[in-house]
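1. give me the fold of what follows.
(chains A and B)
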Amino acid sequence: MRKIKELIIEKSLLSSALVTIAVTIGIILVLAIEAFLFFKEVSIFDFFTDTQWTPLFTEKHYGILPLLSGTLLTTFIAISVALPIGLSISIYLSEYAPRSFRKTIKPLLELLAAVPSVVYGFFALVVVTPYLQQFMPSLSGFNSLSAGIVMGIMIIPFVSSLSEDALFAVPKDLREASYGMGATRLQTAFKVVVPAASSGIIVSIILAISRAIGETMIVAIAAGQQPRLTLDPTVPVETITAYIVQVSLGDVQHGSLEYRTIFAAGITLFVFTFLLNTLSFRIRKKYREKYE
Amino acid sequence: MESLFILGTNGKKNYNNTMSEIMTEKTEDPKIETPIEEKYKLQTKDVNVFYGDFQAIKDVSMNIKPRSITAFIGPSGCGKSTFLRLFNRMNDYIEDFKMEGKIKIDDINIYKKKIQLEQLRKEVGMVFQKPNPFPKSIFENVAYGLKIQGIKDKKLIAQRVEKALVQADLWSEVKDNLNKSALTLSGGQQQRLCIARTLAVEPSIILMDEPTSALDPISTAKIEELIYHLKKDYTIIIVTHNMQQASRISDYTAFFYMGELIEFDKTKKIFTNPEKKRTENYITGRFG
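-> Below you'll find the model as predicted:
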């Protein structure tokens, strides 16, 4: 009797794992099939070289570059904000802050990531952009600058928390060895602890980039909806995610080529984040081997 | 603080000498021997250490002569490591650590407010229980202490690295692989690398906290021999669990029990004719 019970429990646990895998495979399959149908009508070459993205206009162009540039531009701005601040926080918390302070402040920081991103988007649109316009009159109401900055604030805890874990995991022995030779805290932090934790820090940065690339609400609200191949952070752009939102909410006919553009855009996004996550997984695995 | 720096056994004047000159000068100069011999290198007076409410060290006074090996023995938790770590103020990082009393090195109170920890630790090097090389190359490990002092002269750094590795009896094994990661070395080699790293900074005192407890007997023998030779130039204090080790290499032995210094005398005396019953019980293996 007990054996049967055990068996039932084991199988039900297994099936929940299988359901997750099945759903993931299903999503990838749908993405791949619809994208395949899209690429039957639009050549991959055009997709990656055309500099215009106008599938909803009469004169149709299917070049992903404007969407890609919008995504990379906002991501770049976000990382430029999150990286220095996040790393400084992590070094402070792991090397300088008293234990008790670290214990309180870390969960608080992680709260930053718990704020719904729609709130951040709103904040970027109605607070940050008007504020920046005081100094930069030419700044458009929708722009990648404030969207990027606010997105950077949102991903600070991704960088700081994971980097801090990596720094904190560096054996105490190494710090003592460094102090023991007359190194200051600052020298120890930057010459011993950060290099020893470098793979963990890189993983945290990659995950933050991956998060920024996939972020939707902030850019959809604050960066605009004008696919434009530009590096100018003051004008409206459109990211891949924002485009998917735009089309999904619109009245595009199911099964049409316009409809399939979101799968083409979606699979591009998927490939990007998948590669980044694989990379971080690889690095993390290598890093584990080094310490254990 | 300057005097602490100047009294180092091999001062900065040696920087431009060649390897062989430095080695012979250090081993054959009789002038260094006599004048400082009379003075104590390290003195502690009525030292008490507390961790919160727990008293780890009780009223310990002790004088240590220059260029000698002093062993601290005693059962686990007797305070010997805590006491050792007072000399380079390594306990300062423990949050509820408090210390009373005086500790003087070369007649300077190292717990004065004005003392710069970085200067003190250049003077008082430390080797730890587990070999703890940095995840850097062999060369970078030994050069680390010099680079953090701001020394940029590459030739000088290379010289000092070689000299330290020779002193630590590791040069012949690694001279062709200086750029290899230090983590590829064996445990015994890693520990000798850590000793070389400490020597490169040119301290005058070396603290060793059970430096061989993580090593096999052959590596241990090598390191003991090395420690014995280093005595010529350095004041060495070693914490050990291994009674044979204490009796083999040390000149003086201090027996700690429950935070108290029970007995401190010449090693020969401690191991053949100890004053206190408790010391005798410990060294004969009746407890501990």
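
2. CA atoms for contacts and neighbours, from now on please.
-> OK.

3. ok and the residue in the stretch 101-250 of chain A nearest chain B?
-> Distances between the stretch 101-250 of chain A and chain B by Cα to the nearest Cα are smallest at A:Gly182, namely 4.0 Å.

4. now do the SS call for the residue nearest to that residue when sequence neighbours are not counted.
-> Counting by Cα to Cα, 6 or more residues apart in numbering or on different chains, A:Gly182 lies nearest to B:Glu118, which is 4.0 Å off, once chain neighbours are set aside. Here B:Glu118 is recorded as helix under DSSP: H, G, I helix; E, B strand; the rest coil.

5. just give me the neighbour total for B:Glu118.
-> B:Glu118 sits with 18 neighbouring residues when counted by other Cα atoms under 10 Å in any protein chain shown.

6. for B:Pro217, give me phi and psi.
-> Note on B:Pro217: backbone dihedrals following degrees, to the nearest 10 are phi -60, psi -40.

7. what are the contacting residues of the one helix or strand A:Lys103 maps to?
-> Using DSSP states H and E, A:Lys103 sits within helix A:99-111. Identification of contacts with helix A:99-111 by Cα atoms under 8 Å, 6 or more residues apart in numbering or on different chains yields A:93-94, A:157-158, A:161.

8. tell me the helix or strand right after that helix.
-> helix A:117-123.

9. what helices or strands is that next one leaning on?
-> Helices and strands in packing contact with helix A:117-123 are listed as helix A:144-168, helix A:217-222; criterion 3 or more Cα pairs under 8 Å, 6 or more residues apart in numbering or on different chains; DSSP states H and E.

10. distance of B:Lys154 from B:Met208?
-> Distance from B:Lys154 to B:Met208, counting by Cα to Cα, to the nearest Å: 29 Å.

11. my bad, A:Asp251
-> For A:Asp251, the distance to B:Met208 - Cα to Cα - is 76 Å.

12. the two: which has the busier surroundings?
-> B:Met208 (24 against 9).

13. got the phi and psi for the more buried one?
-> Per degrees, to the nearest 10, the backbone of B:Met208 is at phi -130, psi 120.

14. surely it and B:Thr235 touch.
-> No - taking Cα atoms under 8 Å as the definition, B:Met208 is not a contact partner of B:Thr235, at 10.9 Å.

15. what residues does the stretch 101-250 of chain B have near chain A?
-> Contact residues (Cα under 8 Å from any Cα of the partner chain) of the stretch 101-250 of chain B with chain A: B:117-122, B:125-128, B:130, B:132-135, B:145, B:148-149, B:198, B:201.

16. so what pLDDT did residue 51 get?
-> No chain was given, so I picked chain A. Looking at A:Thr51, its pLDDT stands at 89.

17. wrong one, chain B
-> Reading off the model, B:Tyr51 has pLDDT 94.

18. OK, contacts around it?
-> Neighbours of B:Tyr51 in contact, by Cα under 8 Å, 6+ apart: B:96-98.

19. of the residues you listed, list those near chain A.
-> Okay, of the contacts of B:Tyr51, nothing touches chain A (Cα under 8 Å from any Cα).

20. Serialize those to CSV and add fields for secondary structure.
-> Shown next, in CSV, are these (three-state DSSP):
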residue, secondary structure
B:Asp96, coil
B:Phe97, strand
B:Lys98, strand
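
21. please look at the residue of the stretch 101-250 of chain A closest to chain B and B:Met126 and confirm they touch.
-> No - here A:Gly182 lies out of contact with B:Met126, judged by Cα under 8 Å, at a distance of 10.3 Å.

22. many thanks, have a good one.
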